[in-house]
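K.L.:
Below are the sequence and a predicted model for it; my questions follow.
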Amino acid sequence: MSMLVIDGGHRLEGRVAVEGNKNAALPLLAACLLTTEECVLTNVPRIGDVEVMARLLLDVGAEVEGIGTTTLRIRAPKVTTHAPERGLVGRLRGSVLLLGPLLARTGRAHIAPPGGDFPARRTISTHLEALHAMGARLSAGPDHVLEAPDGLKSASMYLYEASVTGTETALLAAASVKGVTEIRHAATEPHVVELCEFLVKMGAGITGIGSPSLRIEGVERLHGAEHHLGGDYIEAGSWAVVGAITGGEMTIEGCRHEDMEVVAAVLTRMNVECGMQDGTFVVKPSKPKALRKITTGLWPAFPSDLVSLVTVLATQAAGRTLVHDWMYELRLFALEQMSGMGADMFLADAHRIIVTGPTKLRGGRTLDSRDLRSGMSLIAAGLAADGQTRVTPLETVERGYSQLVDRLIALGAKVAKVE
């Protein structure tokens, strides 16, 4: 494990470019298993989660070129096993996205309990129900073992939960099944849209893209395709908060206006001067103010993946803010560590935290990056604090932020990675 040592209190400013959307890269990589032909993905984020997914593809028999770069070439003329290696699966929540492609290619899929953030608290019941509706049989046991010996069938389904990866699992399975599958109450996040667009390039017919009602015309044989990933709006929003919390001016390249509106809506209401200018997202020095309430929700509401960061920003905002993340338990728990830095925070329950600001944050502590997003939030807190702060393990944050240390240094941060 490694640790990020932060000498805080320095203004961060400059230009930073985001890479492709992490949450799009993982289902797109899984989709490459649906064809025997070559697929090429560009603007792929160089992050830990993508590397694990690429190695899972290798483990089931695919050929993957370019791991660690922004261009990946994937060929899967053969799928040699329906049971990817347990250790890899245990490192990545997105490994569940292999269920549909493995069933489509081999008629079987055996996935150990997936890892990632809060693995014990996040079920995959929506994924399994969607695959069951398409004819897959689930065996009892701690692992996820499914069979479709006669092949998957097209179906009409309503998702009990508008789960992002549940919707993607259903899409991946439906694209390779001849006939029409309908998915209602589907997730509509930009990365779900991007998966739909890639599957269309591979030969599937999909209507209703971007809406909660999808109609998929699957085909027996999908073909290879190329795709340039759109910029990661969660990463862009993270850099925007880092700029705002340190009082710097930040120019963020590679993000799309339609994705950043949801981020700008909350930051602007917090009196952060920001917005799109000439194709970039710009954050200017501001004096943040509290919001009465910030609530996460399904797209296009404010995303849960940014709730930890805006909670840290609220410690520097004048007034009291109630932050409510109804989607996930435990996401806000890691931020309680900031009380020892001088933050005025009260955790009302697993989903709500009350923050009163502004308070001057103090360093001198070692903070535990318990999940990807809270880890980046604690780094933001350390950058704003006086004195030295240590965040560990850094690998947790590097799962979702490419070349993090180098980019922080380029923006003026005084940080060092210590093994």
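P.N.:
Everything's here; your move.
K.L.:
so after the helix or strand bottoming out on mean pLDDT in the chain, what's the next helix or strand?
P.N.:
The weakest-scoring helix or strand in the chain, judged by mean pLDDT, DSSP states H and E, is strand 137-139 (a mean of 93). The helix or strand immediately downstream of strand 137-139 is strand 144-147, counting by DSSP states H and E.
K.L.:
In its sheet, which strands sit next to that following strand, and in what direction?
P.N.:
Partner strands and pairing direction for strand 144-147 (DSSP bridges) are strand 108-111 (antiparallel), strand 137-139 (antiparallel).
K.L.:
Please identify the most buried of those.
P.N.:
Comparing the strands paired with strand 144-147 by mean neighbour count (mean count of other C-beta atoms under 10 Å), strand 108-111 comes out on top with a mean of 21. To be clear about C-beta, it is placed using only N, CA and C from the backbone, and glycine gets the same treatment.
K.L.:
now the helix or strand following it, how far from the centre of its chain.
P.N.:
Following strand 108-111 in sequence order, the next helix or strand is helix 125-133 (DSSP H and E). Between the centre of helix 125-133 and the centre of its chain there are 21 Å (C-alpha atoms, centre = their mean, to the nearest Å).
K.L.:
cool, stretch 326-340 as well?
P.N.:
On the basis of C-alpha atoms, centre = their mean, stretch 326-340 sits 18 Å off its chain's mean C-alpha point.
K.L.:
Show residues contacting that stretch.
P.N.:
Stretch 326-340 is contacted from outside by 118, 121-122, 295-297, 304, 307-308, 311-312, 315, 323, 325, 345, 347, 350-353, 361, 365, 367-371, 373-375, 377-378, 381, using C-beta atoms under 8 Å, 6 or more residues apart in numbering.
K.L.:
Pull out the buried residues from stretch 357-366.
P.N.:
357, 358, 361, 363, 365 (16 or more other C-beta atoms under 10 Å).
K.L.:
Can you dump the C-alpha atoms of it in PDB for me?
P.N.:
Output of stretch 357-366 as PDB, limited to C-alpha atoms (Å, rounded to 0.1, in the frame of the first residue of the first chain):
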ATOM      1  CA  GLY A 357     -19.000  26.200   7.900                       C
ATOM      2  CA  PRO A 358     -16.700  27.800   7.300                       C
ATOM      3  CA  THR A 359     -14.200  26.100   9.500                       C
ATOM      4  CA  LYS A 360     -10.400  26.200   9.200                       C
ATOM      5  CA  LEU A 361      -9.200  22.600   8.600                       C
ATOM      6  CA  ARG A 362      -6.100  21.400  10.400                       C
ATOM      7  CA  GLY A 363      -3.700  18.800   9.200                       C
ATOM      8  CA  GLY A 364      -1.600  16.500  11.400                       C
ATOM      9  CA  ARG A 365      -3.800  13.400  10.800                       C
ATOM     10  CA  THR A 366      -3.700  10.100   8.800                       C
END
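K.L.:
tell me the contacts of the residue nearest to residue 185 when sequence neighbours are not counted?
P.N.:
Sequence neighbours aside, residue 159 is the residue nearest to residue 185 in space, at 4.6 Å (criterion: C-beta to C-beta, 6 or more residues apart in numbering). By C-beta under 8 Å, 6+ apart, the contact list for residue 159 reads 126, 129, 130, 166, 167, 170, 183, 184, 185, 186.
K.L.:
Pick the one among the residues you listed closest to residue 221.
P.N.:
Closest to residue 221 out of the contacts of residue 159 is residue 170 (19.9 Å), distances taken as C-beta to C-beta.
K.L.:
ok, what's across the strand from the nearest residue to residue 205 once chain neighbours are set aside?
P.N.:
Nearest non-adjacent residue to residue 205, counting by C-beta to C-beta, 6+ apart: residue 217, 3.4 Å away. With DSSP bridges applied, residue 217 shows beta-bridge pairing to residue 180, residue 205.
K.L.:
Tell me who's in contact with residue 217.
P.N.:
Contacts of residue 217 by C-beta under 8 Å, 6+ apart are 179, 180, 204, 205, 206.
K.L.:
Which members of the residues you listed are classed as buried?
P.N.:
Buried members of those, scored by 16+ other C-beta under 10 Å, are 204, 206.
K.L.:
Fine, thanks again, bye for now.
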